[in-house]
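Colleague: Return atomic coordinates for the entry below.
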Amino acid sequence: MKYLTLIVLWSGLFQSSSLFAFPPSKTKIPTPPADIIFERDIPYREGHERWVLNVIRPKADSTQPRAAIVLVHGGGWTGGDHYRFSKMGFQLAQAGYVVITPTYRMLQDKPFPACLHDVKNSIRWLRAHAKKYNVDPDKIGAYGNSAGGTLVLTAALTKKQDFEGKGSHQNVSSELQAVVCSGAVGNMLHPNHSKRAAFVYRKLAIGKNRKLPDNEIKKIMRQASPSSYVRKDVCPIILVHGAKDKVVFIDSTDEFFKAMQKVGADINYLRFEDGSHGVMGQKGAKTMPAMLQFFEKHLNQAPHHQK
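Modeller: Residues are numbered from 1 along each chain as shown. Okay, the predicted model is just below:
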């Protein structure tokens, strides 16, 4: 096992106190640094208030296309918005990346796979706008925490034809070249989950359809689980989890990591015995340089592939 250290701004899986979706919040819009351009509330698809994202990018011009990073917030599929990772986006933009921070439909808007469709749509939108934002379309990474971590991990694992939905830019790939995720669930059907997490996973499958039979619920939960898509030919991945996480138990992450190792995937696991669901923020200032090193290696230093 390779050990890396990362830092993030933590946004927990269950930061919403109810199971009702809320429109994206604009109450805490941060002020960007002087060297950053912060473009807000851009639709990546028309027709829903949650089909929006922000673009965060360096103000300085670059003669070469930049690598890009998609930051996907958590919130237990019940809350959160496209401003939640703004400060991390500013840091990454100051390191030379173009960053987007999309939001997506919550479980009360529509059950799975709507949320995954939306995350993939935002990746396609970024790649479709690569020329406008001076992005290298072959160098797009992603970070997500908790629910967002589960979504970016599943987005990376599912092939192009899987879960694209009916959104915009259907002729563009949603593939990712590097992924970091923290506090993500490996398998929603694992026998050991917190009661609250197990309830939310079922709600994610059911949505408003209370008459959905149990076998169909389990089928959808299986589809929403990264463990259903274990394969070798996937981009480099870092999993981050705390053994004392009482929100998303670590058990299914352990099993997912072992399964990916077994097939020979390029995957690393940062497993903290004393970490809880806020493990990323708990581990402090050493972690951001390591995450930047990971993206530097797999995005900026990776060769450009002509399509």
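Colleague: which element is the nearest residue to Arg202 once chain neighbours are set aside on?
Modeller: Counting by Cβ to Cβ, 6 or more residues apart in numbering, Arg202 lies nearest to Ile217, which is 6.0 Å off, once chain neighbours are set aside. The way it works is simple: take the backbone N, C-alpha and C, and place the C-beta from them, glycine included. Per DSSP states H and E, Ile217 falls inside helix 214-223.
Colleague: In a helix, Arg271, correct?
Modeller: No. Going by DSSP: H, G, I helix; E, B strand; the rest coil, the assignment for Arg271 is strand, not a helix.
Colleague: Can you give me the distance of the residue lying closest to it once chain neighbours are set aside to Val185?
Modeller: Of all residues not flanking Arg271 in the chain, His241 sits nearest, at 6.0 Å (Cβ to Cβ, 6+ apart). Using Cβ to Cβ, to the nearest Å, one gets 10 Å for the distance from His241 to Val185.
Colleague: Quick check: neighbours shared by the two?
Modeller: 248, 253 (Cβ atoms under 8 Å, 6 or more residues apart in numbering).
Colleague: Please compute how far the longest strand seen in the chain lies from its chain's middle.
Modeller: The longest strand of the chain (DSSP state E) is strand 135-145. Its chain's average C-alpha position is 10 Å from that of strand 135-145, according to Cα atoms, centre = their mean, to the nearest Å.
Colleague: what's downstream of it, the next helix or strand?
Modeller: Per DSSP H and E, the first helix or strand lying C-terminal to strand 135-145 is helix 147-157.
Colleague: which residues touch that next one?
Modeller: Contacts of helix 147-157 (Cβ under 8 Å, 6+ apart): 11, 13, 70-77, 80, 104, 115-116, 119-120, 123, 142-144, 163, 174-176, 179, 181-185, 224-226, 229-231, 234-235, 237, 239.
Colleague: Pass me the low-pLDDT residue ranges in the stretch 51-200 of the chain, would you?
Modeller: Scanning the stretch 51-200 of the chain for pLDDT under 70 picks out 160-161.
Colleague: For it, which segments are assigned as helices?
Modeller: Using DSSP state H, counting those that start in this stretch, the helices of the stretch 51-200 of the chain run over 86-94, 114-128, 147-157, 195-206.
Colleague: How about the contacts made by the residue nearest to Asp266 when sequence neighbours are not counted?
Modeller: Among residues not flanking Asp266 along the chain, Pro236 sits closest, at 4.4 Å (Cβ to Cβ, 6+ apart). Contacts for Pro236 (Cβ under 8 Å, 6+ apart) come out as 177-179, 266-268, 294, 298.
Colleague: Find the pair from these with maximum spatial separation.
Modeller: Across the contacts of Pro236, no pair lies farther apart than Gln177 and Asn268, at 15.5 Å, counting by Cβ to Cβ.
Colleague: coming back round to it: report the buried residues of the helix holding Ile217.
Modeller: Using 16 or more other Cβ atoms under 10 Å as the test for burial, helix 214-223 gives 217, 220-221, 223.
Colleague: Could you list the residues in contact with it?
Modeller: 111-113, 188-189, 201-202, 204-206, 228.
Colleague: Next secondary structure element downstream of that helix?
Modeller: strand 237-242.
Colleague: which secondary structure elements does that following strand contact?
Modeller: When contacts are defined as 3 or more Cβ pairs under 8 Å, 6 or more residues apart in numbering; DSSP states H and E, strand 237-242 packs onto helix 147-157, strand 178-182, helix 251-262, strand 267-272, helix 279-282.
Colleague: JSON lines please, covering the ones you listed and showing mean neighbour count and distance to Phe90.
Modeller: JSON lines is the format used below for the helices and strands packed on strand 237-242 (neighbours: other Cβ atoms under 10 Å; distance: least, Cβ to Cβ, whole Å):
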{"stretch": "helix 147-157", "mean neighbour count": "28", "distance to Phe90": "18"}
{"stretch": "strand 178-182", "mean neighbour count": "27", "distance to Phe90": "17"}
{"stretch": "helix 251-262", "mean neighbour count": "19", "distance to Phe90": "29"}
{"stretch": "strand 267-272", "mean neighbour count": "20", "distance to Phe90": "23"}
{"stretch": "helix 279-282", "mean neighbour count": "21", "distance to Phe90": "16"}
